[in-house]
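>>> turn this into a model:
(chains A and B)
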Amino acid sequence: MIAKSIVAVLLSLPASIMLIALFLQATPLIETLRFPSLLMVFPVWVALATLSFLFTKARYAALLLIGISLLGYALIILLKTMNIGGA
Amino acid sequence: MKSSTIKTFTKVHTWTGLCAGTMLFIAFYTGSITVFTHELEGWDEYSPTPVTHQNFDQAQQLLDEVLFKNPGAAQALRLHPSEPGHHGHSVYWFERMDNGTFETHSYYLSEENKIIKGENNAHLANFIYRLHFTAGLPASWGIYVLGVVCLIYALALVTGIIIFLPNFLKDLFIVRSPKNNKRFWLDAHNVVGVFSLPWHLMYAWSSAILTIGIFFLAPFQFVAFEEDLLELLGPELGVVQPLEPSGEKAQLLPVAEAMRIAQEHIPGIEANQLRYEHAGDTNGTIRVFGSIADGSLSPRASVTMSSVTGEVIDVSEPQQATIGSTIYSGLVSLHYVTFGGYTAKWVYFFLGLAGAFLFFSGNLLWVESRRKRRKTKQRKDTIFLSKLNIGVCVGCMAGVSAAFLMSRATADMTSRPDLTEYAYYVVFFSSVFWCFLRSVANGARDLLYLCSLLTLAIPIFDVIYTDMPFWRSPWIGEWEMFTVSILSFLGALVFGLMAKAVQKRSKNGDPNSVWATATPKTAHEGIVT
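Below is the predicted model:
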């Protein structure tokens, strides 16, 4: 439980930031959505942390959350390189 | 939903509740009091010769004298105009020290129109507010700890919903007999939790934003935004960048004129602060902050103008807010209950106390569900948590009452702020210590009686230290004094009844419980006393 809790709390934060950053980068620049999207970090963080506990082992949750973070970051870099969207 | 899923989330709910429960109790108990921060300041600042309402000419006099005697104050100066409940103008300026910290200087105008330097020594409301967002930890980092606690709190809420859902309709309106302790505490915990759930979800979110919000934003600067994020969000957060000082002196716009311009651009604005940047410089600004009674959730408004010409630079009012600004200021308003008048404040007050009960009862539930029903000697972990729960929660309430008493008794002393804080911490830590010296039941009883006595003493101290006893205050409209007295009497009664109930339970209740005290019959079994 302790390992799962640490994974859930710590690794969900970068994952939620990457998901929202990817949303901001991938959607057309709509200034009115920028601040509301940033405010959603906390609810997304809580949702991901809660879902992490559904995994039977902490390492599966850790792998998924790290995967989301890295994939999200890679996609952001790709979209920026291709000049698609823009935060 | 699978039973294994329910079991997993029950564990998460239990552990998040145990980790965060006591800190959240302190946050919610003090939070319910800080709903009435303004009124508490009025109670704490009570004087037999109060300052009466002061006009704009007096505000001008105060401002001019402070700037004349302290040229450095021109960089960042705040004028708080006289308002109902807080008569008398006051001016603050913040001096930057060599080590990077800021020292606050404050001035106010006495009834005889004399400038008085030095902070008003009433500190109770500020201290209880600080307890609310730090749970008593040092302010420099306590706020961040509470921010992390908000996440744990949110997890507890979400998992609580998940585990309650299967029995939602069956159990929602049921509170079973206190004869089955575990069932009673569970039902009470569920009813309070479910009915106040939207309010708790709002508090988890808004508290996280207010405490650790900046840590959410910082990573976006590196991964998403090319421009400076704070500059992008500034207008939505209500930030108006001051101009750089020109170095040329200019006549400062009179206070009355600044207020008139603010009223012209936002009719009906009730100004509560004038913020001066580079006062007396041609590039100086005045920002008039206030609120408007337009029925919106977030009634704050401001007008920024040149401090020389009065030319308006920025107007910020609820109707102009963007979606993001509306959500943000809405959350802040919901958190601070800056809407709905006294009705909303009283609803929040009782929801705050119910929230404190929620965390306390959650810990009690954990203890009760691990009770050894056939043995008098209980588990060490349940005894430990029981003592910690009682010590921290009742100790906090007793400490707050002690702070009220000390603040009243030391009204004429310059060390009043420090003594108010010492009173709280001495009583709080002594309570925790006492609980660990005694058995659970005796410790709980002792602390509840102490809490009752300290709370009862609050209106008695009014009789001793002021000329406004509780039997006189309602007849002359001193409602702050009267309300605190009435709530103190009620609180003392409730604490006293709880102490009696604990005592009765310890003698006549099931001996196989942490709430039982040793009897000769069971002493040989090694029961803890």
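>>> what's near enough to touch A:Pro28?
A:Pro28 is in contact with A:Gly85, counting by Cβ atoms under 8 Å, 6 or more residues apart in numbering or on different chains. Yep, even glycine has a C-beta here, placed from its N, CA and C like the rest.
>>> and it, that's in a strand?
No. Counting by DSSP: H, G, I helix; E, B strand; the rest coil, A:Pro28 is not part of a strand but coil.
>>> what parts of the stretch 151-300 of chain B come near chain A?
Within the stretch 151-300 of chain B, the positions lying close to chain A (Cβ under 8 Å from any Cβ of the partner chain) are B:151-152, B:154-155, B:158-159, B:162, B:204-205, B:208-209, B:216-217, B:219-220, B:223-226, B:232-233, B:236.
>>> spell out which parts of chain A neighbour chain B.
Chain A comes close to chain B at residues A:1, A:5, A:8-9, A:14, A:17-18, A:20-21, A:24-25, A:31-36, A:38-39, A:41-43, A:45-47, A:49-50, A:53-54, A:73, A:76, A:87, as judged by Cβ under 8 Å from any Cβ.
>>> among these, which ones are in helices?
If you go by DSSP state H, the residues of chain A next to chain B have A:5, A:8-9, A:14, A:17-18, A:20-21, A:24-25, A:31-36, A:38-39, A:41-43, A:45-47, A:49-50, A:73, A:76 in helices.
>>> OK, now which residue of chain B is nearest to chain A?
With Cβ to the nearest Cβ, the shortest gap between chain B and chain A falls at B:Gly324, namely 2.4 Å.
>>> report the secondary structure state of that residue.
helix.
>>> residues contacting the residue lying closest to it once chain neighbours are set aside?
Closest residue to B:Gly324 apart from its sequence neighbours, by Cβ to Cβ, 6 or more residues apart in numbering or on different chains: A:Phe35 at 2.4 Å. Counting by Cβ under 8 Å, 6+ apart, A:Phe35 makes contact with B:Leu233, B:Glu236, B:Thr322, B:Ile323, B:Gly324, B:Ser325, B:Ile327, B:Tyr328.
>>> gap between A:Phe35 and B:Gly213?
12 Å (Cβ to Cβ, to the nearest Å).
>>> what do you get for B:Pro138?
In this structure, B:Pro138 and B:Gly213 are 20 Å apart, going by Cβ to Cβ.
>>> quick check, A:Ile5 in contact with B:Lys11.
Wrong residue type there; residue A:5 is Ser, not Ile. No. If you go by Cβ atoms under 8 Å, A:Ser5 and B:Lys11 don't touch, sitting 9.7 Å apart.
>>> more crowded one of those two?
A count of neighbours by other Cβ atoms under 10 Å in any protein chain shown puts A:Ser5 above the other of A:Ser5 and B:Lys11, at 20 against 16.
>>> distance from the helix or strand bottoming out on mean pLDDT in chain A to the middle of the chain?
For chain A, counting by mean pLDDT, DSSP states H and E, helix A:31-39 ranks last in confidence among helices and strands (a mean of 86). Centroid separation for helix A:31-39 versus its chain: 15 Å, with Cα atoms, centre = their mean, to the nearest Å.
>>> with stretch B:382-395 instead?
That offset, for stretch B:382-395, works out to 22 Å (Cα atoms, centre = their mean).
>>> buried ones in it?
Buried positions in stretch B:382-395, judged by neighbour count with 16 or more other Cβ atoms under 10 Å in any protein chain shown: B:382-383, B:385-395.
>>> how about stretch B:484-504?
For stretch B:484-504, by 16+ other Cβ under 10 Å, it's B:Val484, B:Ser485, B:Leu487, B:Ser488, B:Gly491, B:Ala492, B:Phe495, B:Gly496, B:Met498, B:Ala499, B:Val502, B:Gln503.
>>> need those in TSV (columns: secondary structure, pLDDT and distance to chain A).
Compiled in TSV, the buried residues of stretch B:484-504 are given as follows (DSSP: H, G, I helix; E, B strand; the rest coil; pLDDT from 0 to 100; distance: Cβ to the nearest Cβ, whole Å):
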residue	secondary structure	pLDDT	distance to chain A
B:Val484	helix	95	35
B:Ser485	helix	95	40
B:Leu487	helix	96	34
B:Ser488	helix	97	37
B:Gly491	helix	97	34
B:Ala492	helix	97	39
B:Phe495	helix	97	35
B:Gly496	helix	97	40
B:Met498	helix	95	33
B:Ala499	helix	96	36
B:Val502	helix	92	32
B:Gln503	helix	92	37
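>>> how about TSV for those, with distance to B:Ile286 added?
Below are these laid out as TSV (distance: Cβ to Cβ, whole Å):
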residue	distance to B:Ile286
B:Val484	36
B:Ser485	41
B:Leu487	40
B:Ser488	42
B:Gly491	44
B:Ala492	48
B:Phe495	49
B:Gly496	53
B:Met498	53
B:Ala499	55
B:Val502	58
B:Gln503	61
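>>> give me the neighbour count for B:Gln273.
14.
>>> thinking again about what came up before, just give the number of residues close to the residue of chain B closest to chain A.
The tally of other residues near B:Gly324 (other Cβ under 10 Å) stands at 20.
>>> and what of B:Ile460?
Around B:Ile460 there are 15 other residues, counting by other Cβ under 10 Å.
>>> related to what we said a few turns ago, closest to B:Pro469 out of the buried residues of stretch B:484-504?
The closest of the buried residues of stretch B:484-504 to B:Pro469 turns out to be B:Ser485 (Cβ to Cβ; 8.3 Å).
>>> who's in contact with the closest one?
B:Ser485 makes contact with B:Ile458, B:Pro459, B:Asp462, B:Phe470, B:Ser473, according to Cβ under 8 Å, 6+ apart.
>>> can you check B:Val392 too?
Counting by Cβ under 8 Å, 6+ apart, B:Val392 touches B:Thr22, B:Phe25, B:Ile26, B:Phe428, B:Val432.
>>> return the subset of these lying in helices.
Per DSSP H, the contacts of B:Val392 map to helices at B:Thr22, B:Phe25, B:Ile26, B:Phe428, B:Val432.
>>> so where is chain A shaky, pLDDT-wise?
Applying pLDDT under 70 to chain A flags residues A:29, A:86-87.
>>> returning to that earlier point: buried ones among the residues of the stretch 151-300 of chain B next to chain A?
Neighbour counting by 16+ other Cβ under 10 Å classes B:151-152, B:154-155, B:158-159, B:162, B:204-205, B:208-209, B:216-217, B:219-220, B:223-225, B:232-233, B:236 among these as buried.
>>> so which of the residues you listed sit within helices?
B:151-152, B:154-155, B:158-159, B:162, B:204-205, B:208-209, B:216-217, B:219-220, B:223, B:232-233, B:236.
>>> which residue does chain A have closest to chain B?
For chain A, Cβ to the nearest Cβ, closest residue to chain B: A:Phe35, 2.4 Å.
>>> OK, contacts around B:Ile161?
Shown in contact with B:Ile161 (Cβ under 8 Å, 6+ apart): B:Leu197.
>>> how far away is it from B:His200?
10 Å.
>>> helix, strand or coil: sort out B:Asp314 for me.
strand.
>>> what is the burial count for the residue nearest to it when sequence neighbours are not counted?
Spatial nearest neighbour of B:Asp314, excluding adjacent residues (Cβ to Cβ, 6+ apart): B:Thr304 at 4.1 Å. Number of residues near B:Thr304 (other Cβ under 10 Å) recorded here: 21.
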